[in-house]
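Student: here is a sequence together with a model predicted from it:
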Amino acid sequence: MKPIFLILCIVIFSCNTKNKPNELKTESPTEQKNDKIKVLNFGTFHFGYTPDANKTEFDEHSEEAQKEIREISKMLAQFKPTIICIENLPKFNNEINKAYQDFLDNPSTLNTNYGESSMIGFDVGRLSNVKKIYGIDNHMGYNYSVGDFIENNPELENSIDSKTYLQLTNEPFKEYPEIAKREAKYDELSLLEKLKLSNEPIHLDYAINTNADKLLYVGIDDGFEGADNAAIFYHRNMKIFSNLNRIPMTKNDRVFIIMGTAHTAFLREFMRRSPKFEMVNTLEYLN
């Protein structure tokens, strides 16, 4: 009888153990996120003029480029947004929306006046029947190049960590050979492939590193020249996220955000921890 009793105890204990994880889970991950506002957080390079340190050569007026943009807009419009946010100051919303309405009246020609914001943003809005475009940007000046200035000035010395700073500058994808391979052929990629690369999680991490975090390895003597400038860029993106939260929305809304990749990367970090938003996988819409 003892062996039989022992076997029964083991079986019962095993069944109870298997059930315990399910008992602890009150909701599936999907159910937990049902009340969150869905967001397609899309990063891109700037199609027209940009003061950014890194620029991509792109002729937004060419017939080929316009055709590519139309196709990409169709892909992104499958998200079916109800709200569209662009990299523009909120104070220009009236101007932006007048331009948007003019485009809706004559959609045969893409509006290039606001770069990617109007070329993709307006066209996704048209395809999704979105009524209004929101600017959520905030401008704050900071020195992108303070680290390079210190490294290239023989009279100055980076007293924090020159080695790490230079690695992040010269070999940002050292540990990610597949991304490094694609990055090395960036100029040869189609517009779609460039945008896919820009929205890779590793590339978004790079956008934060190259625009801000690598400056945390830079300083003169006991100063914080790098950190001070990085803080300004962090502050700007915090204000952008705050502008996003000014927009009235409900759990039924679907938000499409199109901004420069560095802003996309910061918004991703804020939204990952937010009880309000749930980001969809951008790459799933670029196929």
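Tutor: Cool, the structure landed. Numbering: from 1, shown residues only.

Student: which residues in the stretch 51-200 of the chain form helices?
Tutor: Using DSSP state H, counting those that start in this stretch, the helices of the stretch 51-200 of the chain run over residues 63-77, 93-105, 116, 122-128, 146-152, 162-170, 177-184, 191-198.

Student: buried ones in the last one, by neighbour count?
Tutor: Just to be clear, that refers to helix 191-198. Neighbour counts over helix 191-198 (16 or more other CB atoms under 10 Å) mark 191, 194-198 as buried. In short, each C-beta sits where N, CA and C put it, glycine included.

Student: and the contacts of the helix or strand following that helix?
Tutor: Using DSSP states H and E, the helix or strand that follows helix 191-198 in sequence is helix 201-211. Contact partners of helix 201-211, identified using CB atoms under 8 Å, 6 or more residues apart in numbering, comprise 43, 54, 144, 168-169, 172-173, 176, 179, 183, 197-198, 233, 261-262, 264-266, 268-269.

Student: cool, stretch 104-122 as well?
Tutor: The set of residues external to stretch 104-122 that reach it, using CB under 8 Å, 6+ apart, is 44-50, 60-61, 66, 69-70, 72-73, 76, 84, 86-88, 96, 99-100, 102-103, 123, 125-126, 133, 256, 258.

Student: first to last residue in it, what's the distance?
Tutor: 8 Å (CA to CA, to the nearest Å).

Student: mind listing what's buried in that stretch?
Tutor: 110-112, 114-122.

Student: how about JSON lines for those, with pLDDT and distance to Asn153 added?
Tutor: Shown next, in JSON lines, are the buried residues of stretch 104-122 (pLDDT from 0 to 100; distance: CB to CB, whole Å):
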{"residue": "Leu110", "pLDDT": "95", "distance to Asn153": "44"}
{"residue": "Asn111", "pLDDT": "95", "distance to Asn153": "43"}
{"residue": "Thr112", "pLDDT": "94", "distance to Asn153": "39"}
{"residue": "Tyr114", "pLDDT": "94", "distance to Asn153": "37"}
{"residue": "Gly115", "pLDDT": "93", "distance to Asn153": "34"}
{"residue": "Glu116", "pLDDT": "94", "distance to Asn153": "35"}
{"residue": "Ser117", "pLDDT": "95", "distance to Asn153": "37"}
{"residue": "Ser118", "pLDDT": "96", "distance to Asn153": "40"}
{"residue": "Met119", "pLDDT": "96", "distance to Asn153": "40"}
{"residue": "Ile120", "pLDDT": "97", "distance to Asn153": "40"}
{"residue": "Gly121", "pLDDT": "97", "distance to Asn153": "40"}
{"residue": "Phe122", "pLDDT": "98", "distance to Asn153": "44"}
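
Student: parallel or antiparallel, list what pairs with the helix or strand where Val255 lies.
Tutor: Assigned by DSSP H and E, Val255 belongs to strand 254-260. Applying DSSP bridges, strand 254-260 is found paired with strand 37-44 (parallel), strand 83-86 (parallel).

Student: what angle do helix 191-198 and that strand make with each other?
Tutor: Angle, strand 254-260 to helix 191-198, by axes from the mean of the first three to the mean of the last three CA atoms, to 10 degrees: 90 degrees.

Student: need the contact partners of strand 254-260.
Tutor: Under CB under 8 Å, 6+ apart, the answer for strand 254-260 is 37-46, 50, 52, 76, 79-87, 116-117, 120-121, 124, 128, 136-137, 240, 244, 249, 264, 267, 277.

Student: 6 Å - rerun?
Tutor: 38-42, 80-87, 120-121, 124 (CB atoms under 6 Å, 6 or more residues apart in numbering).
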